[in-house]
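A.B. asks: give me a 3D structure for the following:
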Amino acid sequence: MRLADLLRLLLLAAIWGASFLFMRIVAPVLGSMPTAFFRASLGTLGLLAILLIMRVQWDFRGKLKHCLVLGVINAGLPSAMYCLAALVLPAGYSAIFNATTPMMGVLIGMLFFAEALTLSKAAGVALGLFGVAVLTRTGPVEVDQQLLLGAAACLIATTCYGFAGFLTRRWIGQQGGLDNRLTAFSSLCGASLFLLPLFAGSLIVQPPASWGGLQEWLSLAGLGFICTAFAYVLYFRLLTDIGPIKASTTTFLIPPFGVLWGALLLDEPLSWAYLYGGILIAIALWLVVRPSTAMKTPGIPVEKPARLERHP
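C.D. replies: Residues are numbered from 1 along each chain as shown. Sure thing, here's the model as predicted:
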């Protein structure tokens, strides 16, 4: 890997790690649904501007509807879940839970898409779930109903990412595929449309007590324009330059940045549980993504490689 590619990889992980920081700043003030909606809509506008500057050809090859649906699964619902989690969880917690995405992909592939299960991946899933349990039971936040609900919201988000990976391969990757930049833009459009009625409903049921100040809106701008629009462009550049396998290593790098930003900028408490749980999840991820031989199970086809990494 070239030095420039490594620097871009670290920059991407730092940006996506910061997304949990921004959500933690904005969501308690504006509410979870307004935060999720503004993130998706600002990301859509930012990516639209980038695509216009890059003069991308607007050819969706008849896959626009599929892209919009994928946007709900891959961006809309996960964004809503992470914003709900940001009401009660430290940024570092959410960042570490996000790293369970590949493990969710393994389980979903086995249960719903007839993907082969390997011994390495089975061990990785079990170890990863144990790491999540260590983090939630011994971390700096008291274990209560709110923490468990926040953790469940994060895991729902990673489950959505797991489904989206396989659905993208089935709906978008076939018959010549589609420009990744168009997929990203149309997905954010779908996410914005999905979140719009939730946003409107939240304003009717429980409007924000305050619309925040400069800090909250700068954080929203960073969340939408930098952590969403710019990060997509950076990620697609990495996909082209180093391929999906190496690009997926951002999964390992996001949690340290999420914990670091939370501790430095929000004074979130640190705990050895971050280290213990993080190491367990990192080992689990390595077991999941490393090449291995599939267990021979009657009626289950040999596994095809799939990109399981997903951003926040």
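
A.B. asks: buried stuff in the helix or strand bottoming out on mean pLDDT in the chain?
C.D. replies: Lowest mean confidence among the helices and strands of the chain (mean pLDDT, DSSP states H and E): helix 231-247, at a mean of 75. Counting neighbours by 16 or more other C-beta atoms under 10 Å, one finds that the buried residues in helix 231-247 are A231, Y232, V233, L234, Y235, F236, L238, I242, A247. (Each C-beta comes from the backbone N, C-alpha and C, glycine too.)

A.B. asks: OK, contacts around the closest residue to G92 other than its chain neighbours?
C.D. replies: Of all residues not flanking G92 in the chain, V259 sits nearest, at 3.6 Å (C-beta to C-beta, 6 or more residues apart in numbering). Taking C-beta atoms under 8 Å, 6 or more residues apart in numbering as the criterion, V259 is in contact with A91, G92, A95, I96, L270, Y274, G278.

A.B. asks: repeat that for 7 Å
C.D. replies: Contact analysis of V259 by C-beta atoms under 7 Å, 6 or more residues apart in numbering lists G92, A95, Y274.

A.B. asks: what's the answer for V132, then?
C.D. replies: In this structure, V132 makes contact with F97, T100, judged by C-beta under 7 Å, 6+ apart.

A.B. asks: element containing it, please.
C.D. replies: Using DSSP states H and E, V132 falls within helix 119-138.

A.B. asks: mind listing the helices for the chain?
C.D. replies: Defined through DSSP state H, the helices belonging to the chain, from first to last, are 3-30, 32-54, 64-71, 77-85, 91-98, 101-112, 119-138, 145-171, 180-205, 214-221, 231-247, 250-266, 272-289.

A.B. asks: format those helices as TSV; extra columns: distance to P312.
C.D. replies: Compiled in TSV, the helices of the chain are given as follows (distance: least, C-beta to C-beta, whole Å):
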stretch	distance to P312
helix 3-30	5
helix 32-54	10
helix 64-71	15
helix 77-85	6
helix 91-98	5
helix 101-112	9
helix 119-138	16
helix 145-171	8
helix 180-205	13
helix 214-221	14
helix 231-247	9
helix 250-266	7
helix 272-289	15
